[in-house]
Structures are given as structure tokens and as C-alpha cells.
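> sequence and computational prediction follow.
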Amino acid sequence: MLHLDAVSKKFGGLPALDRVGFSVPRGQVTALIGPNGAGKSTLINCVTGVLAPTSGSIRFADQQLVGQPSHAIARLGIARTFQNLKLFPRLSVLDNVLTGLTCEAGRSLTMAMLRLPYLRHRERRLKLRALEALDRFELADKARLPVAVLAYGDKKRVELARACVSEPQLVLLDEPVAGLNVDETAAVGEQLKRLRAAGQTLLLVEHDMELVMEIADQVVVLDSGRCIARGTPDEVRSNPLVLEAYLGRMEATA
Ligand SMILES: Nc1ncnc2c1ncn2[C@@H]1O[C@H](COP(=O)(O)OP(=O)(O)OP(=O)(O)O)[C@@H](O)[C@H]1O
């Protein structure tokens, strides 16, 4: 579904990604792991058009993504969540999730303010879809609350609901359980398992190895911008290069 070929990104001459290549198969969970600074966020930003790769190719459903702006890439059916939440704190949970449908709404939300009957009908349909998404992510009872008053774990689930509301073909998750306590991690983990069971294609960046090993079909390991291993969770777990990348980093910071 998503194919990366020799993707490189340099910042001021220093390589953050160095000829990275792998594929994300449809209907599977691909986890992208690696020590801090390995290049995971840079890669997600290259896929979503936030950053332009220095060289290489990123194809999605036969379309070249390199050179396309973020909004065009989103319209192709790629949604994402952010490592540091990007929600609108003063807006309600429902309105935040509705922003995940702006591609489809086009100008209709503005036009709906003019109260044209068929546009009002369309606005109601979009709201219904947002409410359904909130229900799936067990947030329906919080629909009217401003996001600012929610616990951090609930905010993370609002981001998930917003990313999934448009039923995208591919969802990129940037550290969905970072900063969560054990119960919140379990709740988000449960949601991710449900998405997987429903056949949602996911590219998951995550440091929580227990979660990664539990839900990933394929694990891709980056270290210093290079792809050092790829395989099933079991294959990657016992790969000496991966152990060295993680242990080396732990020794260096000890
Ligand atoms: N905008 C930028 N300008 C300069 N260097 C950057 C920029 N963004 C990232 N880098 C550098 O690129 C490298 C990869 O960073 P990146 O944030 O992609 O790693 P990461 O694997 O996501 O790390 P973490 O797990 O800590 O989030 C790092 O050396 C980082 O300092």
C-alpha cells in the first residue's frame, strides 16, 4: 500500500534518514521502532508531506507522494496522529473530531451557515459520522466537553478518533501511548487492537515494546537514519543488530 524506496533526508548536511526502504502492506500493522533520534518522526513527516525528502521515492496506491503538499496527501486517504497532541483545546470533543472530516466537508460547513436545507442535511450527516467515531472510541459521553478539561489519555483517544473518522486507508500513529499511565495505555492498546481486527492499515511509531510486540505484524527498525532490520516481532526481537542499537544507546546514556 505504501512503498518507500531509498528515502533520504538531510538537515544542514547531516543525514536524518539514509536510503530508507520498506513497504507497509494493506490490512497490517507495521511498527517503526528505533532509539531516540533514529529518524522515526522525520520519516512520518516525509510521508505526510510536512517535510520534503532530500531524495528517494514514497508511493501510495500508485501515486508519488514526494512533492505533494500535506492536504493533497491527506485527501488520498492518509491520516495521522501527533506525538505532541495537536487538538483545539477550547473546541468540544465533537468539533475536534469533525475537523477530521474537513477534506470531505469542503466548503459545506461554511455554506451550511447560510442554512441552505440540503447543506444542513450534509452537516448533520458529518456530525453523525463524528458521533459514531466517538462511540467507537468510547468518548460519546464526552462529546460536548471542551478538550481542555479531558485527562491526557482521553485526549490521545480524541486524536485517534479524529484520525479515523474519515475512514482513511492508512493511519500513521506517532507514539500513541507516550506519556500515558498503565490503565490509559491499556485502553489505547485495546482501541488499536480493534482497529487491527477491523483490517485498518497502520504505521505505528512507538517506544512501548510490549505494545509493539503484541500488535505489529511487521517491525521496521531504524538506527541513526538507517533501516537496520525488518521482520516479524520475533525475528526483530532476537536480531543482534537491534539489540546492539538499543543496548549501545542505553550504555551511552547510563
Ligand atoms: N527540523 C530539524 N532540523 C534539524 N535537525 C532535525 C530536525 N528534525 C529532526 N532533526 C534531527 O534528525 C534526527 C532524527 O530525529 P527524529 O525526531 O526524526 O528522531 P526520532 O526517531 O523520531 O526520535 P524520538 O524517538 O526521540 O522522537 C535527529 O538527529 C534530530 O536531531
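Yes, it's here. Residues are numbered from 1 along each chain as shown.

> can you tell me how far residue 57 is from residue 47?
12 Å (Cβ to Cβ, to the nearest Å). All C-beta spots, glycine's among them, are computed from the backbone N, C-alpha and C.

> spit out the residues that contact the two alike.
residue 4 (Cβ atoms under 8 Å, 6 or more residues apart in numbering).

> between those two, who's got more neighbours?
residue 47 (23 against 14; other Cβ atoms under 10 Å).

> surely the more buried one meets residue 78?
Yes: between residue 47 and residue 78 there is a contact under Cβ atoms under 8 Å: 7.1 Å.

> show me the beta-bridge partners of the closest residue in space to residue 64 that isn't next to it in sequence.
Spatial nearest neighbour of residue 64, excluding adjacent residues (Cβ to Cβ, 6 or more residues apart in numbering): residue 57 at 6.5 Å. Counting by DSSP bridges, residue 57 is bridged to residue 5.

> picking up where we left off before, shared neighbours of residue 47 and residue 78, anything?
residue 172.

> now residue 194: how far from the ligand?
Distance, residue 194 to the ligand, using Cβ to the nearest ligand atom, to the nearest Å: 26 Å.

> work out for me the element that residue sits within.
Using DSSP states H and E, residue 194 maps to helix 182-197.

> check residue 86 too.
Using DSSP H and E, residue 86 falls within no helix or strand.

> burial count for it?
Neighbours of residue 86 under the rule other Cβ under 10 Å: 12.

> again, but for residue 164
Residue 164: 21 neighbours (other Cβ under 10 Å).

> can you check residue 174 too?
By other Cβ under 10 Å, neighbour count at residue 174 equals 21.

> now residue 163, nearest residue through space, not along the chain?
Per Cβ to Cβ, 6+ apart, closest to residue 163 is residue 79, 4.2 Å.

> report the secondary structure state of that neighbour.
Here residue 79 is strand, with the state taken from DSSP: H, G, I helix; E, B strand; the rest coil.

> you'd agree it is up against residue 171?
Yes: counting by Cβ under 8 Å, residue 171 is a contact partner of residue 79 at 5.2 Å.

> is the ligand contacted by the strand or helix carrying residue 9?
Assigned by DSSP H and E, residue 9 belongs to strand 2-11. Yes: counting by Cβ under 6 Å from any ligand atom, contacts between strand 2-11 and the ligand involve residue 11.

> surely residue 66 is in a helix?
No: membership of residue 66 in a helix is not supported by three-state DSSP, which gives coil.

> how about whichever residue of the stretch 51-200 of the chain sits closest to the ligand, what does it touch?
Nearest to the ligand, among the residues of the stretch 51-200 of the chain, is residue 83, at 6.3 Å (Cβ to the nearest ligand atom). By Cβ under 8 Å, 6+ apart, the contact set of residue 83 is 41, 174, 175, 178, 205.

> so which of these is the most crowded?
When the contacts of residue 83 are compared by neighbour count (other Cβ under 10 Å), residue 205 ends up highest, at 25 neighbours.

> what separates it from residue 62, distance-wise?
Using Cβ to Cβ, one gets 25 Å for the distance from residue 205 to residue 62.

> look up phi and psi at residue 212.
phi -60, psi -50 (degrees, to the nearest 10).

> quick one: secondary structure of residue 207?
Three-state call for residue 207 (three-state DSSP): coil.

> ok, it touching residue 32?
No: using Cβ under 8 Å, residue 207 is not in contact with residue 32; the gap is 10.8 Å.

> more neighbours: those two, which one.
residue 32 (28 against 14).

> can you pull the contacts of the more buried one?
Residue 32 neighbours (Cβ under 8 Å, 6+ apart): 40, 43, 44, 203, 204, 205, 220, 222.

> look up phi and psi at the fourth one.
The reference is to residue 203. Note on residue 203: backbone dihedrals following degrees, to the nearest 10 are phi -120, psi 110.

> counting neighbours, what do you get for it?
25.

> so what pairs up with it in the strands?
Note on residue 203: beta-bridge partners residue 30, residue 172, judged by DSSP bridges.
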